[in-house]
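In: Let's see this in three dimensions:
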Amino acid sequence: MKNVALITGAAGGIGKEFAKIHASRGGDVVAIDLNAEGLKDLQRELSESHPRSTVYTIPKNLASNSATQEIYEEVTREGIAVDYLINNAGFGGVGKFHERAWEQDQAMIQVNVLALASLTRFFLPDFIARGTGKILNVSSTVRLNPGPMQAIYIASKAFVTSFTNSLSGELLGTGVTATVLLPGATQTGFGAHSGMDKTDIYKKPASAGDVARDGYQAMLAGKLQMISGLPWSQRMTLSLTPLLPKEMVVNRIRKQQEINH
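Out: Down below sits the predicted model:
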């Protein structure tokens, strides 16, 4: 395989769009997802639309503690040299922290934080040894504010952003870059799965293809971070939020993120 992008959460949404973009540029894809049937569909679709690209699939549940090591060992055993690591997999959920099932939030931390950091730790030494490689971690614009009704999800995305920004500074001069993508509300299965599609924030979601294109291009350019899928009004709100009293911000966001019945 050549010019390989390893993409987690590749069976749908933004992850699938990353795979389509990379294949359209002649690159090969290692696609990771819990949804094995979705991976087969992706493989069939890309083999028809981009027959010169190879798609290697690994069905894997990143909520498992051993998943990332198993992925790295399989890729290494197959002799696949990864050039782009796109940590896209993640999920959320709406509700008060003390009322949500802890097992769900624990799995969220495992996927959104630990799996992302672990995969980066496994592949980064190889990148540095070769003096080339690009990492793209998918965060969210919600991490820019407090997150009542999504406490664990927003905290996890705050970690992703801070981690990637810090990593970018460590990588100066190595030939390797780390970029973080911060999407706004996007047309993917995430909204329905998390319950966010019933909140005010999801009234006008952005296209998954547009968000993926912004993130992919930012990764190629080695940018520190890219905000995508936010209407002008929301961008203005984000820029003003740090100037407002924290209590006001928390109460406003709680109302935005309450589920509309």
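In: Quick check: pLDDT value at Asp148.
Out: No, residue 148 isn't Asp; it's Pro. In the predicted model, Pro148 carries a pLDDT score of 83.
In: Roughly how far does it sit from Val94?
Out: In this structure, Pro148 and Val94 are separated by 10 Å, where distance is defined by C-beta to C-beta, to the nearest Å. Every residue, glycine included, has its C-beta placed from N, CA and C.
In: Excluding covalently adjacent residues, which one is nearest to Met226?
Out: Ala218 (3.7 Å; C-beta to C-beta, 6 or more residues apart in numbering).
In: Spit out the contact partners of the one you found.
Out: Ala218 sits next to 136, 179, 181, 225-226 when contact means C-beta atoms under 8 Å, 6 or more residues apart in numbering.
In: The lengthiest strand in the chain pairs with which strands, and in what direction?
Out: Of all the elements of type strand in the chain, the one with the most residues (DSSP state E) is strand 176-183. Here the strand partners of strand 176-183, with direction, are listed using DSSP bridges: strand 133-138 (parallel), strand 225-228 (parallel).
In: Pull up the per-residue confidence for Thr177.
Out: Listed pLDDT for Thr177 reads 98.
In: where exactly do the helices run in the protein?
Out: Taking DSSP state H, the helices of the chain run over residues 13-24, 36-49, 67-77, 102-109, 116-130, 151-170, 189-194, 208-221, 232-240, 246-257.
In: Deepest-packed of those helices, please.
Out: Mean neighbour counts were taken over those using mean count of other C-beta atoms under 10 Å, and the top value, a mean of 24, falls to helix 13-24.
In: Could you verify my assumption that Leu57 touches Leu39?
Out: Check again: residue 57 is Thr, not Leu. Yes: checked against C-beta atoms under 8 Å, the pair Thr57 and Leu39 is within contact range at 4.1 Å.
In: Need the overlap of contacts for those two.
Out: Common contact partners of Thr57 and Leu39 (C-beta under 8 Å, 6+ apart): 31, 33.
In: correct me, but Gly222 touches Ile135?
Out: No: with contact defined as C-beta under 8 Å, Gly222 and Ile135 do not form a contacting pair (10.2 Å).
In: For these two, indicate the residue with more neighbours.
Out: Between Gly222 and Ile135, counted using other C-beta atoms under 10 Å, the more crowded position is Ile135 (24 against 14).
In: Roughly how far does the more buried one sit from Gly27?
Out: Relative to Gly27, Ile135 is positioned 15 Å away (criterion: C-beta to C-beta).
In: Please apply the same query to Gly147.
Out: Where Gly27 is concerned, Gly147 sits at a distance of 35 Å (C-beta to C-beta).
In: swap in Thr68?
Out: Applying C-beta to C-beta, the value for Thr68 to Gly27 is 22 Å.
In: Equivalent analysis for Ile154, please.
Out: Distance, Ile154 to Gly27, by C-beta to C-beta: 32 Å.
In: for Asp210, same thing?
Out: Here Asp210 is placed at a distance of 20 Å from Gly27 (C-beta to C-beta).
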